[in-house]
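[1] got a sequence here, can you build the structure:
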Amino acid sequence: MDFRLRGFDSPLFHALHRLVDDNDKSTTNATTQTYVRDAKAMAATPADVKEYPNSYVFIVDMPGLKSGEIKVQVEDDNVLVISGERKREEEKEGAKYVRMERRIGKFMRKFVLPENANIEAISAVCQDGVPTVTVQKLPPPEPKKPKTVEVKIA
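    Coordinates of the predicted model:
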């Protein structure tokens, strides 16, 4: 359908038309697909965040993953990314799924770290598919001392 015939000659309508048009598969954008997949993974991955006097602790549920399958990264110097992927189990001969409710696919959470987070002091442990990532806090800055200026007699 040509929007110009109906009086809609806006670039926005043309962009929407390209997104909606199922016949044109060349407009499929890999970046958009990645964004949608990551957004779904983040929405489906529960997490707890705790603050202690000297650290922040991130606890994320990633059932079925072993510690070697979980990645902990820092992006852009202040975004903590905890991710992993669980693949479908190989079907054994003679067996088929009657019901499949356990989640497969990508698990991911992103957290913007506060300014006092020390990205050089991050540790992670995983127990029973629950990674716990600890980010140490930077020590508070020392208060600035007032500068004293000697007053001379003119």
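[2] when you work out contacts or count neighbours from here on, use the C-alpha atoms and nothing else.
    Fine.
[3] the longest strand seen in the chain pairs with which strands?
    Using DSSP state E to define each element, the chain has its longest strand at strand 117-127. With DSSP bridges as the test, strand 117-127 is paired with strand 130-137 (antiparallel).
[4] re the thing from before, pull the longest strand of the chain out as PDB, backbone CA atoms only.
    What follows is strand 117-127 as a C-alpha-only set of coordinates in PDB (Å, rounded to 0.1, in the frame of the first residue of the first chain):
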ATOM      1  CA  ALA A 117      31.700   0.900  42.500                       C
ATOM      2  CA  ASN A 118      35.200  -0.500  42.000                       C
ATOM      3  CA  ILE A 119      35.100  -2.300  38.700                       C
ATOM      4  CA  GLU A 120      38.700  -3.600  39.400                       C
ATOM      5  CA  ALA A 121      37.400  -5.600  42.400                       C
ATOM      6  CA  ILE A 122      34.600  -7.800  41.100                       C
ATOM      7  CA  SER A 123      34.200 -11.500  42.200                       C
ATOM      8  CA  ALA A 124      31.700 -14.100  41.200                       C
ATOM      9  CA  VAL A 125      30.700 -17.500  42.600                       C
ATOM     10  CA  CYS A 126      28.000 -19.800  41.300                       C
ATOM     11  CA  GLN A 127      26.000 -22.400  43.300                       C
END
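[5] contact partners of it?
    Here strand 117-127 makes contact (Cα atoms under 8 Å, 6 or more residues apart in numbering) with 55-56, 66-67, 72, 74, 77-78, 131-138.
[6] quick one: buried residues of it?
    For strand 117-127, the neighbour count (16 or more other Cα atoms under 10 Å) marks 117-119, 122, 124, 126 as buried.
[7] stretch 67-82 too?
    In terms of neighbour count (16+ other Cα under 10 Å), stretch 67-82 has its buried residues at 67, 70, 72, 74, 80, 82.
[8] chain center to the helix or strand hosting the fifth one: distance?
    Translated: residue 80. For residue 80, the host element (DSSP states H and E) is strand 79-86. Computed by Cα atoms, centre = their mean, to the nearest Å, the chain-centroid distance of strand 79-86 equals 6 Å.
[9] then the helix or strand following that strand to PDB, C-alphas only?
    Per DSSP H and E, strand 79-86 leads on to strand 105-112 as the next helix or strand towards the C-terminus. The C-alpha coordinates for strand 105-112 follow below in PDB (Å, rounded to 0.1, in the frame of the first residue of the first chain):
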ATOM      1  CA  GLY A 105      17.500 -19.800  25.800                       C
ATOM      2  CA  LYS A 106      19.300 -16.800  26.900                       C
ATOM      3  CA  PHE A 107      19.500 -15.500  30.500                       C
ATOM      4  CA  MET A 108      20.800 -11.900  31.000                       C
ATOM      5  CA  ARG A 109      20.700  -9.000  33.400                       C
ATOM      6  CA  LYS A 110      22.300  -5.600  33.100                       C
ATOM      7  CA  PHE A 111      22.900  -3.300  36.000                       C
ATOM      8  CA  VAL A 112      24.200   0.300  35.900                       C
END
